[in-house]
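Colleague: Could you work out the structure for the sequence below:
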Amino acid sequence: MISKKLLLTLNLILSGLISVVNAQNTVGTILNTVDSFEAYTLFTVNTESYLINNCGEVVNQWSSSYLPGNAVYLLENGNLLRAGKTNSSDIVFGGTGGRIELFNWEGDLIWGINYDTPDYRQHHDVFPMPNGNILVLAATVLTQEQAVQSGRNPDKMTESVLYNEQIIEIEPFGSDSYNVVWEWNLIDHVIQDFDATKDNYGIVSLNPQLLDINFLNNQEGVANWIHANSIQFDETLDQIILSSRNLSEFYIIDHSTTTLEASSHSGGLYGKGGDFLFRWGNPQAYQQGNEDDRKLYGQHYPHWIKEGFVDSRKIILFNNGFGRVPTFSEVFILNPPMDSPGVYTLNSNSSYGPLNPDYTYTNSNDFYSAILSSAQRLANGNTLICEGRTGELIEIDQNENIVWEYITPVNNITGTILSQGDSASGANNNTFRAIKYEPDYPAFTGRDLTPGDPIELNPDLSGCSLLSVNEELESYTRLYPNPVKDYLRIKSKQPTIKIEIFSVVGALLKSEENSDQIDMRDLSSGMYVVKLYSHKGSISKRIIKQ
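Modeller: Here you go, the predicted structure:
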């Protein structure tokens, strides 16, 4: 069963289709056009995780006892994986969490743990592995003595401890238990050229596979010097991307190792190790450039674009622009050079390319989020962008037109819900990340997706319900069944002259004239656009092929 609002009406005006704007809306869905990707958007604010359709109507909602900690994912089985924020005072910085929870589709808590002690704490991100395990990003504590022995210049420590970044893979069991099945620690892969009497001494510029423990990127030597803000996994390569906001780089590491191998150096005794396979964004971090060569400024959510999508297998990220003058944000897409799949090209000067991203999006100096944020390539070639600081979600098409806009109507601190007409400015509606899930995503199979009310109070859905200037034709035309398995049928008071089936990216796949049905059996599962022609005009609707 699909959302009743899944069908959008189109208007044919000259050579193009008009967009739909409800100028009165201040929160919730601001803009929804026919060119948006009709899917379900997931995000977390305050203690609630929401799944909404393009009209902002809530399709499902999960409630936790914890504020965000920060990532949230909808799993293929319909469960929700969510990180929560505990009240710990031992390891404290922006983005700390400490709690990991699993809810079923109905909203029941089915598993939960705290990864939070004086020695370690989950923060920012988790990731659901294909085997049912969970990757966890955590900060662990190094004493000053341990940090100095690892090569940290004591003059570059403003606190008595230093935080290591740790990634563990856990196997959940029971309702509140887990086994650690794999572990990687960044402190095992550092280098320094400060003190030859301490560990990890070497030539930084010749070892790009290691992190300079004394590079601070013009920041103070606080304990949270790395501030990793995301981990993402690619099953094809069996590799992990780790993003460092403070150092303005992201790193790719091998996940096919054992824990022992992950603590060793690449090419060592075990043949593989946990050193960086690739890094990008700030070559001065390993003495292979200067500030002019820097590309990233506090970035978030680097991850691989899905197989089969536009720019498949490239890396997309939100480049916040934090610390840059003037301040503005961007979306980058880049293609790391490889010698073979998963083996990255190292230039003769021991640096990594590319020099520039393949694609950059930025619309104006108003497009700026110093913190949070994400970007996601969608199945139809559009890109979903979460400007986290203001809780604004926009979707752009391949011509960079904004085709969908949504503003989170919830205060992330207090949980206060705004009314339509309220200004979201200063409402603390910041949103860590937003992800769209296709209508044929396995989690939705057999689920009741009938939408409820929007999140905001006093909602106005007129922008999603009154979209057509040809209201008569739209009102008396029905496509069924939807989803369809074999034949799509048309019921209308106006005889259908022609039926056309398009892919979501606009390719004409088939047509039928003077008929009230069309054979869909030879099309693969997914979303399609159906255009109907009659003597009254034409309309288009979106349908799902099972």
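Colleague: Which parts of the stretch 251-400 of the chain are strands?
Modeller: Along the stretch 251-400 of the chain, the segments classed as strands by DSSP state E, counting those that start in this stretch run 278-280, 300-304, 315-319, 330-334, 338-340, 343-344, 359-361, 374-377, 383-387, 392-396.
Colleague: so can I have TSV of those strands showing mean neighbour count, distance to Glu101 and mean pLDDT?
Modeller: The way it works is simple: take the backbone N, C-alpha and C, and place the C-beta from them, glycine included. Output for these, formatted as TSV (neighbours: other C-beta atoms under 10 Å; distance: least, C-beta to C-beta, whole Å; pLDDT from 0 to 100):
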stretch	mean neighbour count	distance to Glu101	mean pLDDT
strand 278-280	25	32	97
strand 300-304	25	21	98
strand 315-319	25	25	98
strand 330-334	22	30	98
strand 338-340	10	37	95
strand 343-344	14	35	95
strand 359-361	15	34	97
strand 374-377	24	21	98
strand 383-387	25	21	98
strand 392-396	23	24	96
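Colleague: right, and those strands - which one's nearest Asp234?
Modeller: Proximity to Asp234 (C-beta to C-beta) singles out strand 300-304 among these, at 4.7 Å.
Colleague: Can you list the helices and strands that the closest one packs against?
Modeller: In this structure, strand 300-304 makes packing contacts with strand 228-234, strand 239-244, strand 315-319, strand 374-377, judged by 3 or more C-beta pairs under 8 Å, 6 or more residues apart in numbering; DSSP states H and E.
Colleague: which other residues reach that strand?
Modeller: Here strand 300-304 makes contact (C-beta atoms under 8 Å, 6 or more residues apart in numbering) with 229-230, 232, 234, 237, 241, 243, 245, 250, 313-318, 320, 372-375, 388, 433.
Colleague: Report the buried residues of the strand ranked longest in the chain.
Modeller: Counting by DSSP state E, the longest strand found in the chain is strand 161-173. By neighbour count on 16 or more other C-beta atoms under 10 Å, the buried set for strand 161-173 is Val161, Leu162, Tyr163, Asn164, Glu165, Gln166, Ile167, Ile168, Glu169, Ile170, Pro172.
Colleague: what do you get for stretch 95-107?
Modeller: Buried-residue list, stretch 95-107, by 16+ other C-beta under 10 Å: Gly95, Thr96, Gly97, Gly98, Arg99, Ile100, Glu101, Leu102, Phe103, Trp105.
Colleague: do stretch 184-200 as well
Modeller: 184-195, 200.
Colleague: which secondary structure element contains Val92?
Modeller: Taking DSSP states H and E as the definition, one finds Val92 inside no helix or strand.
Colleague: separation between it and Gly388?
Modeller: Distance from Val92 to Gly388, counting by C-beta to C-beta, to the nearest Å: 20 Å.
Colleague: what do you get for Leu102?
Modeller: Per C-beta to C-beta, Leu102 is found 24 Å from Gly388.
Colleague: Likewise for His124?
Modeller: Per C-beta to C-beta, His124 is found 12 Å from Gly388.
Colleague: same deal with Val331?
Modeller: Noted for Val331: a distance of 13 Å to Gly388, by C-beta to C-beta.
Colleague: Phe278 too?
Modeller: Distance, Phe278 to Gly388, by C-beta to C-beta: 26 Å.
Colleague: How about Val72?
Modeller: Distance, Val72 to Gly388, by C-beta to C-beta: 13 Å.
Colleague: what's the overlap in contacts for those two?
Modeller: Common neighbours of Val72 and Gly388, using C-beta under 8 Å, 6+ apart, are Arg433.
Colleague: The two: who's more crowded?
Modeller: Gly388 (29 against 25; other C-beta atoms under 10 Å).
Colleague: And that one, what's its pLDDT?
Modeller: Gly388 is assigned a predicted lDDT (pLDDT) of 96.
Colleague: what's near enough to touch it?
Modeller: So Gly388 contacts His300, Ser369, Ile371, Leu372, Ser373, Ser374, Asn430, Thr431, Phe432, Arg433 (C-beta under 8 Å, 6+ apart).
Colleague: Does the third one touch Gly94 like I think?
Modeller: Yes. With contact defined as C-beta atoms under 8 Å, Ile371 reaches Gly94; the gap is 7.3 Å.
Colleague: Compare those two (neighbour count), which wins?
Modeller: A count of neighbours by other C-beta under 10 Å puts Ile371 above the other of Ile371 and Gly94, at 16 against 13.
Colleague: is it true that Ser63 touches Thr47?
Modeller: Yes. Contact criterion C-beta under 8 Å: Ser63 and Thr47 qualify, at 6.0 Å.
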